[in-house]
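[1] Sequence first, then the predicted structure:
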Amino acid sequence: MFPNDVFNGLFTSGSCITVLRALYSRDSGITGRETARLAGVNHRTALLTLKALEKTGVVNRLVGGRDHIFTLNKNHYLVENGLSGLFLVEENYAEGIHNQIVKRIGESSIAVIAYAPENPDESPMTMNICVVYKSRRDALDVEFPGLVAKVEKRYGVKIKPYFIHEYTFVDMEKRKMQPVADIVKHGEVICGKIPRG
């Protein structure tokens, strides 16, 4: 009998995907502690996950003294034909959303900046963006609903906008007022340039 549902062995817990992602992002082997740090899990969880993944053959272990070195077996069929494609899609996911934003509202704004949610309990599928505009926001009001609908339907992401006039943005930045101070400090510019006073 041939094995069925082969991915079940790879995705037995939430830590499996984070550990696999950590290994996938490295060209050379890493220790269990480094895997735990990169995956955002505790050391014990990382080791148990690595051991389970090693049994499937997708992870190789090199015993070397006190530390063991782990690598993703990139020649394994499931890695080569499944996981690699999955991680590539994940890498291009944000770029696809950014491209939609630039296409729809890039010309109507001075800057579009993605920033962390104010509420830490907010869904990870919510994207907060600060849209800085120069004079009138009429063009943004026309284009924005289409952008929101497109991104939500295609990517499953809800866009939560914060519209602000350039003058107000510059003034709030100078006075280190929130949320602009955090947006400037921690935000990621999707298009345009952050206006300076």
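    Here it is on my side, so go on.

[2] what pLDDT does the residue nearest to residue 67 when sequence neighbours are not counted get?
    Using Cβ to Cβ, 6 or more residues apart in numbering and skipping the chain neighbours, the partner closest in space to residue 67 is residue 31 (4.6 Å). Any C-beta I mention is one placed from the backbone N, CA and C, and that applies to glycine too. Per-residue pLDDT puts residue 31 at 95.

[3] how many neighbours does residue 31 have?
    17 (other Cβ atoms under 10 Å).

[4] now do residue 43
    Neighbours around residue 43, by other Cβ under 10 Å: 13.

[5] Dihedrals phi and psi, it?
    phi -60, psi -40 (degrees, to the nearest 10).

[6] check contacts around it.
    Neighbour list for residue 43: 32-33, 36 [criterion: Cβ atoms under 8 Å, 6 or more residues apart in numbering].

[7] Turn those into JSON lines, including secondary structure.
    Output for the contacts of residue 43, formatted as JSON lines (DSSP: H, G, I helix; E, B strand; the rest coil):
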{"residue": "32", "secondary structure": "helix"}
{"residue": "33", "secondary structure": "helix"}
{"residue": "36", "secondary structure": "helix"}
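
[8] moving C-terminal of the longest helix along the chain, what's the next helix or strand?
    The single longest helix within the chain, with elements called by DSSP state H, is helix 84-105. The C-terminal neighbour of helix 84-105 among helices and strands, as given by DSSP states H and E, is strand 111-115.

[9] Residue 190 versus residue 103, what's the distance?
    11 Å (Cβ to Cβ, to the nearest Å).

[10] Please disregard the earlier target; I meant residue 101.
    5 Å.

[11] which neighbours do those two share?
    By Cβ under 8 Å, 6+ apart, the residues touching both residue 101 and residue 190 are 112, 129.

[12] Who has more neighbours out of residue 103 and residue 190?
    residue 190 (23 against 13).

[13] I figured the more buried one was touching residue 105, is that so?
    No - at 9.6 Å, residue 190 and residue 105 do not qualify as touching, with contact defined as Cβ atoms under 8 Å.

[14] Run through this structure and note the low-pLDDT ranges.
    1-4, 120 (pLDDT under 70).

[15] Which residue, other than its chain neighbours, is closest to residue 53?
    Using Cβ to Cβ, 6+ apart, the nearest residue to residue 53 is residue 59, at 4.1 Å.

[16] let me fix that: residue 69
    residue 29 (3.7 Å).

[17] same question, residue 11
    Nearest non-adjacent residue to residue 11 (Cβ to Cβ, 6+ apart): residue 17, at 6.4 Å.

[18] Surely the residue nearest to residue 67 touches residue 66?
    No - counting by Cβ under 8 Å, residue 66 is not a contact partner of residue 31; they are 9.5 Å apart.

[19] any idea how far the residue nearest to the spatial centre of the chain is from residue 148?
    Using Cα atoms, centre = their mean, the residue of the chain that lies closest to the mean C-alpha position is residue 94, 6.5 Å off. Noted for residue 94: a distance of 17 Å to residue 148, by Cβ to Cβ.
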